[in-house]
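Kindly return the folded structure for what I paste below:
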Amino acid sequence: MGRQADANAVVPLPVRDGVAPSYLWLDDSPLEGALAFLTSHFADVGEAVWRDRMARGEVVDASGDMLGADSVLRRGMRIWYYRELEAETPIPFEEQILFRDDHLLVVDKPHFLPMTPGGRFLHETLLVRLKNKTGLAQLTPIHRLDRETAGVVVFSHQEATRGAYQSLFQKRSVRKVYEALAAPLPQLTFPLVHRSRMVEGNPFFRMQEVDGEPNSESVIDVIEPQGDAMLYRLQPHTGRKHQLRVHMAALGAPIMNDAFYPEALPCKGDDFANPLKLLARSIGFDDPLTGLARRFESRRTL
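Down below sits the predicted model:
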């Protein structure tokens, strides 16, 4: 599959409807025309679709020169094009902008909305929606939330200062607080620290805990009962994939409506009425440019 250009790349095609063009490196030239190669490489995109894209001038090389059906491909070449989806399921929830200055855009993400284009999502992603809403072509997420998770997420839209903010997350200088609904754990004493070694599991999209030196740590506390469930405060000190979901399941209280943990449920369509009960409640850090304390809080509830 092709890769989408990042915000720093010099590309020969403009952002279109909030979507940056994708590209494909030709490490080993197939020694055939562009149309034959593209239809064989992208088996789910038909020849007529590629001919139409070429006719519109939307398949080009790194210099911006249009490629036609018989254009000769060569080793080391990069092909640029727009990724398109014939049908995309609308996500019926809206993001909210919490803060914007000359460097950052802070957003309250809804459940079910992916961060960036991939798989069956393109326009129905937070990044594309925000580019269309704000006109910020250089918008880039500094960190990620799972598609199933709602809450606060921070974007950069200024290339010159992006690295300073990214370093905060790399150095774990960011204070993240999550909330989750799960079953009560009356046998445990809170707050508690859960540490474990997490590795990729089976199937590939899940993580699992194994024996060995811990590489993940979360502080877990109770906030208040909510019906038969308990509202928990979760503070991850590391940033492993699905870390909070794995840790809560390991304690015997998987987060409500989690389709991955403790067991992966059969694949089905999104149940918009029953989102994962996990919310990125707040993010705080000392601004690397001004030294001022920053804290952003979600307006959503579980």
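
Show the subsequent helix or strand relative to the longest helix seen in the chain.
Counting residues, the longest helix found in the chain (DSSP state H) is helix 159-170. Per DSSP states H and E, the first helix or strand lying C-terminal to helix 159-170 is strand 175-182.

Counting neighbours, what do you get for the nearest residue to Asp286 once chain neighbours are set aside?
Nearest residue to Asp286, sequence neighbours excluded (CB to CB, 6 or more residues apart in numbering): Ala293, at 5.8 Å. Every C-beta, even on glycine, is put in place using the N, C-alpha and C of the backbone. When counting by other CB atoms under 10 Å, one arrives at 10 neighbours for Ala293.

Next up, the contacts around Ala293.
Gly284, Phe285, Asp286, Asp287 (CB atoms under 8 Å, 6 or more residues apart in numbering).

before we move on, which element is the first one in?
This points to Gly284. Going by DSSP H and E, Gly284 is part of strand 278-286.

Provide the strand pairings for that strand, with the direction of each partner.
Applying DSSP bridges, strand 278-286 is found paired with strand 150-156 (parallel), strand 175-182 (antiparallel), strand 293-297 (antiparallel).

Buried residues, the shortest one. List them.
So that's strand 293-297. Buried residues in strand 293-297, counted by 16 or more other CB atoms under 10 Å: Arg294, Phe296, Glu297.

Check the offset of it from the chain's centre.
Its chain's average C-alpha position is 21 Å from that of strand 293-297, according to CA atoms, centre = their mean, to the nearest Å.

With the longest one instead?
With CA atoms, centre = their mean as the basis, strand 175-182 stands 18 Å off its chain's centre.

So what angle separates the directions of that strand and helix 159-170?
Relative orientation of strand 175-182 and helix 159-170, computed by axes from the mean of the first three to the mean of the last three CA atoms, to 10 degrees: 60 degrees.

Give me the number of neighbouring residues for Arg16.
Using other CB under 10 Å, Arg16 is surrounded by 11 other residues.
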